[in-house]
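J.: give me the fold of what follows.
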Amino acid sequence: MTAYLDHAATTPMLPAALAAMTEQLAVVGNASSLHRTGRAARRVVEESRERIAKAIGARPSEVVFTSGGTEADNLAVMGTYRARREADPRRVRLLVGATEHHAVLDSVEYLLVHEGAEVTWLEPTGAGAVDPETVRAAIESDPDAVALVSVMWANNAVGVVQDVPAIAAIAHAHGIPVHTDAVQAVGHVPVDFAASGVDLMSLTGHKLGGPIGVGALVARRDATLLPLTHGGGQERQLRSGTLDAPAIVGFAAAVEESVATMPDEARRLAALRDAIIVGARELDPEIRVGGGWEPGDTAHRLPGNAHLIVPGCDGDSLLYLLDAAGVSCSTGSACQAGVPQPSHVLLAMGIPEPDARGALRLTLGHTSTGADVDAFLGALPPAIERARRARVATAS
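T.: Predicted structure coming up:
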């Protein structure tokens, strides 16, 4: 039996989401059609939009459905840059967290190479947090040239939660819009779109118990951005394509339930997370925690994220050895799986490359139990021993 400890990559669908999606899959109807079946599908979509908006502190009209977090991030970054530069050619600067997901980083890189953008990377502290004063200094060096600030709500690798409201307040004082990738945050920590002050926020279904292939960009009605795709203009003329009513209703059920149960679930997962960290460090005192950690903390670190740095090991070796022992985990973002290089997040945090190569990300979710923790802690010592031997053999 496998102990699944990679919920940040994707988490099993919640029963309510699976039931809602399955029921809708049996119903025909294009939400853009004007006949009765089309109107029924449209009603499902709009009621789902309302449920999601209510759960995250947004207006229904601000929820723009996408295929997931990657598309939402691309639309936010590239769409805003192009619109702002079109309105004012001076707006070529992007202020972006150095530890962002590649959906943001690679969008920025494309704009740098192909569209004349300039970027200021917002370097984090050793704990992985972007200091709001770092954002202030970057803006004030040339505020009239800034098109967008983008800082993720919670980091997918080390689980650090950023002070997004403070960053948004600083940017808004200069009339600059703010995007936050909240893919790892919604349903896991308190998220209120309106109260945060951000202009754009990305989320996705499969990180919180919904289906893969559906997400949303929450965009204030006065947000200025251009579409990346063209066609029917189904979503506020910002995103075209036939709406996937079954996926959307499953997404809505998952957002609703994960947000409603979040306070109790966060405490439960934090206890399991702390058991992983304490147990691992008892087995090997040299193990460090990436991103900082305090027992019971759910305000500054995702409750289900345990990020361990195991010196003298390669993370890939540990991953495969643990996998062979029936434990599924990660060395970082699943989107970078198979790439033999240390996490850009850890390097940006100032962790030396040899140590960064020995990182493990263990993430918990609604199906996680103490048995998963026990399985990991039981498999860890022999995995570390073999991984260290392998590194020594490779070096010699």
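J.: list the beta-bridge partners for T204.
T.: T204 forms beta bridges with G215, as assigned by DSSP bridges.
J.: wait, what's in contact with it?
T.: Counting by C-beta atoms under 8 Å, 6 or more residues apart in numbering, T204 makes contact with 68-69, 72, 183, 210, 214-216. (Glycine included, C-beta is placed from N, CA and C.)
J.: ok, V27 to V249 distance?
T.: For V27, the distance to V249 (C-beta to C-beta, to the nearest Å) stands at 10 Å.
J.: more neighbours, those two?
T.: V249 (28 against 13; other C-beta atoms under 10 Å).
J.: the more buried one reaches R43, doesn't it?
T.: No. Checked against C-beta atoms under 8 Å, the pair V249 and R43 is beyond contact range at 10.5 Å.
J.: what packs against the longest helix belonging to the chain?
T.: What stands out as the longest helix in the chain, according to DSSP state H, is helix 370-395. With contacts defined as 3 or more C-beta pairs under 8 Å, 6 or more residues apart in numbering; DSSP states H and E, the packing partners of helix 370-395 are strand 3-4, helix 262-283, helix 315-324, strand 327-328.
J.: contact partners for the residue nearest to W121 when sequence neighbours are not counted?
T.: Of all residues beyond its chain neighbours, the one nearest W121 is A98 (4.3 Å), with distances taken as C-beta to C-beta, 6 or more residues apart in numbering. By C-beta under 8 Å, 6+ apart, A98 lies in contact with 121-124, 344, 348.
J.: quick one, helices of the chain?
T.: Taking DSSP H as the criterion, the chain carries its helices at 15-25, 36-56, 69-87, 102-114, 132-140, 164-172, 193-196, 245-260, 262-283, 315-324, 344-348, 353-356, 370-395.
J.: most tightly surrounded among these?
T.: Stretch with highest mean neighbour count among the helices of the chain: helix 245-260 (a mean of 25; mean count of other C-beta atoms under 10 Å).
J.: what angle separates it from helix 36-56?
T.: Helix 245-260 and helix 36-56 are oriented at 20 degrees to each other (axes from the mean of the first three to the mean of the last three C-alpha atoms, to 10 degrees).
J.: just checking, A87 touches P177?
T.: No. Using C-beta under 8 Å, A87 is not in contact with P177; the gap is 11.9 Å.
J.: can you count the residues close to G241?
T.: With other C-beta under 10 Å as criterion, G241 counts 16.
J.: that one reaches G233, doesn't it?
T.: No. Between G241 and G233 there is no contact under C-beta under 8 Å: 9.7 Å.
J.: follow-up on the earlier one: looking at the contacts of T204, which is nearest V191?
T.: V183 (10.8 Å; C-beta to C-beta).
J.: got a list of contacts for the lowest-mean-pLDDT helix or strand in the chain?
T.: Every helix and strand of the chain was ranked by mean pLDDT, DSSP states H and E. The lowest is helix 353-356, at a mean of 89. Residues outside helix 353-356 that contact it (C-beta under 8 Å, 6+ apart) are 288, 309, 311, 342-343, 346-347.
J.: among these, name the buried ones.
T.: Buried members of these, counted by 16 or more other C-beta atoms under 10 Å: 288, 309, 342-343, 346.
J.: min pLDDT across these, which one?
T.: Within the set of these, pLDDT is lowest for P342 (82).
J.: residue contacts, it?
T.: 353, 356-357, 359.
J.: so how far is L308 from it?
T.: 14 Å.
J.: same check on A356?
T.: For A356 relative to L308 (C-beta to C-beta), the value is 12 Å.
J.: low pLDDT regions in this structure?
T.: In the prediction, the chain carries residues with pLDDT under 70 at positions 332-340, 395-396.
J.: show me the contacts for A325.
T.: Counted by C-beta under 8 Å, 6+ apart, A325 has contacts 375, 378-379, 382-383.
J.: widest-spaced pair of those?
T.: A375 and P382 (12.8 Å).
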